[in-house]
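Colleague: this is the structure alone, sequence omitted:
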């Protein structure tokens, strides 16, 4: 086959390579704009956290404080409420929607860095998780909780909660990118139960016995709760905080590896 | 396949050479894609010059969209190579992405964003500065033509509005090469005409190279400088619309036979000037270089053989005839949509008193 045509010069596109940070911030900005339109995603976790915070204090405070003089059960419970509020809060379901409505293809057609698509969403998650801790903290202050570690302890408390939220969110992104299935992403919430209830959510570690004590010892959330509690009850306990960061790091390394592998699978053109 | 470029002295280039790949807007050599045991695209060769509108015509499932997804770097080829804007689609995918725009068959929008937000974000993804994005927004607003709705969430848009916004999103960065995968599917006639105008404008004013896939024959005929016909994953013909039609014959005489079409075909076998006769149900399609001269002898031959016919009509060759000739089947399209816009073909119909032909420019009674 032969064809003859008169070619013109290739035009000059306006596009230019962007940077990783600019790409990531663009994705994060979009994700944060969407949060304000998806308040139904963020309000229930806060409501549930506050509900259990109040109910647990009302039902268990007298038992625990009766058992140990001077024990501040409200301060003890606040980290549990915080983790209830921020665990599983992520934009992973929005990523599934992007896959389903083909907007993911629109992004993949652009030169945006593939990792920025994931990291940008996670950056937004960190901001949302930090924001979600604030009403629970406010309630804690109203109920009389004080931070032995001071104002910087409050900042560290929020940062640890946000980091944990991010580490856990990696599982949701892995499932979202791997399956593109909203039901599968919602089922990742199931991971939440062993993490958050086979641990020291309601009573101190020394009150746990038998298999529950063994499982709690293996559960990274135990060390995150202990680190958070140390900021309210004991001040700067660097050993506790180091174990907290190690636990978050281990869970984060696992979940991020899974989510990055799922991202590669989603964008590898196969 | 070779490709002659009339740039100064006419030069025939092979799409496989590296110098040609740099000069061509799109080139492909033996491009193939397999899904499990299904060969979606088989050994595709393409050579599309800068500034060309290339129509990729074929029925659903022919491999058009798979080809576009490979050329847009969304899908890796199973074998073969391709270059877009001078860059390898696999090795230099990121460079390709900077230079292309695409409106895919499935509209790729985020319904939770507003039109404005989506276009601005698109500009950021392409590294445009805020001032450039502002400028492009003003330019694209007239294309999108959805008024204040641009500041509403996309989930409130009609199908036509979404399709136009999708096209605008592909144009934010003024790509060198634009891929339009069935861009007018689902559009009303007015929107369709507007997209056609825009495609012509982009090509004429900016020199944008456009690869347009379509299953609408009129669309390919009206817009494309050259057309590639794809069927079952293979390119079966390529050329300008006129070249392709000439392969079949200049005119088509349609004879509607209520009885035995085989006998009718036999009766016409000795008429001079007939290039080919295809029988389909109760219709004979007689390809000829000169329909006006042939239609009379056809009527006489059928009458002499005692074969009843309900109608005889004459029309120009269409791309559908080309497709039928090449593949043995017709392109199945949504006829409502396919005929919704202004036809660009000119045909002459010479019909019998009971003719049911709908191709009407001039009609002459023969009985």
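Modeller: The structure has been received and is ready for your questions. The structure displayed is predicted, hence computed values, not measured ones.
Colleague: enumerate the residues of the stretch 201-350 of chain B near chain A.
Modeller: Contact residues, the stretch 201-350 of chain B versus chain A (Cβ under 8 Å from any Cβ of the partner chain): B:206-209, B:225-226, B:237-240, B:243. Placement of C-beta: from N, CA and C, glycine included.
Colleague: farthest pair within the residues you listed?
Modeller: B:206 and B:237 (28.9 Å; Cβ to Cβ).
Colleague: what about those two, which has more around it?
Modeller: Of the pair residue B:206 and residue B:237, residue B:237 is the one with more neighbours under other Cβ atoms under 10 Å in any protein chain shown, namely 21 against 17.
Colleague: pretty sure residue B:194 sits against residue B:145.
Modeller: Yes: with contact defined as Cβ atoms under 8 Å, residue B:194 reaches residue B:145; the gap is 7.0 Å.
Colleague: residues in contact with both of those two, list them for me.
Modeller: residue B:164 (Cβ atoms under 8 Å, 6 or more residues apart in numbering or on different chains).
Colleague: name the element the spatially most central residue of chain A belongs to?
Modeller: Centroid-nearest residue in chain A: residue A:165, 1.8 Å away (criterion: Cα atoms, centre = their mean). Using DSSP states H and E, residue A:165 maps to helix A:150-179.
Colleague: please apply the same query to residue B:230.
Modeller: Per DSSP H and E: strand B:226-231 holds residue B:230.
Colleague: now residue B:55
Modeller: strand B:53-57.
Colleague: in its sheet, what does that strand sit against?
Modeller: strand B:209-214 (parallel), strand B:226-231 (parallel) (DSSP bridges).
Colleague: what's the most buried one of these?
Modeller: Most buried of those by mean neighbour count (mean count of other Cβ atoms under 10 Å in any protein chain shown) is strand B:209-214; its value is a mean of 27.
Colleague: and the following helix or strand past it, what does it pack against?
Modeller: Counting by DSSP H and E, the next helix or strand C-terminal to strand B:209-214 is helix B:217-223. Applying 3 or more Cβ pairs under 8 Å, 6 or more residues apart in numbering or on different chains; DSSP states H and E, one finds that helix B:217-223 contacts strand B:53-57, helix B:189-206, strand B:209-214, helix B:319-327.
Colleague: show me where the stretch 101-250 of chain B dips below the pLDDT cut-off.
Modeller: B:249 (pLDDT under 70).
Colleague: skip the chain neighbours and tell me the closest residue to residue A:113.
Modeller: residue A:23 (4.8 Å; Cβ to Cβ, 6 or more residues apart in numbering or on different chains).
Colleague: need the contact list for that neighbour.
Modeller: A:112-113, A:116, A:120, B:125.
Colleague: need those residues in JSON lines with distance to residue B:68, neighbour count and secondary structure, can you?
Modeller: Formatted as JSON lines, the contacts of residue A:23 follow (distance: Cβ to Cβ, whole Å; neighbours: other Cβ atoms under 10 Å in any protein chain shown; DSSP: H, G, I helix; E, B strand; the rest coil):
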{"residue": "A:112", "distance to residue B:68": "20", "neighbour count": "26", "secondary structure": "coil"}
{"residue": "A:113", "distance to residue B:68": "23", "neighbour count": "21", "secondary structure": "coil"}
{"residue": "A:116", "distance to residue B:68": "25", "neighbour count": "23", "secondary structure": "helix"}
{"residue": "A:120", "distance to residue B:68": "27", "neighbour count": "23", "secondary structure": "helix"}
{"residue": "B:125", "distance to residue B:68": "20", "neighbour count": "27", "secondary structure": "helix"}
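Colleague: between these, which is closest to residue A:140?
Modeller: residue A:120 (31.2 Å).
Colleague: need the contact list for that closest one.
Modeller: Applying Cβ under 8 Å, 6+ apart, the residues contacting residue A:120 are A:23-31.
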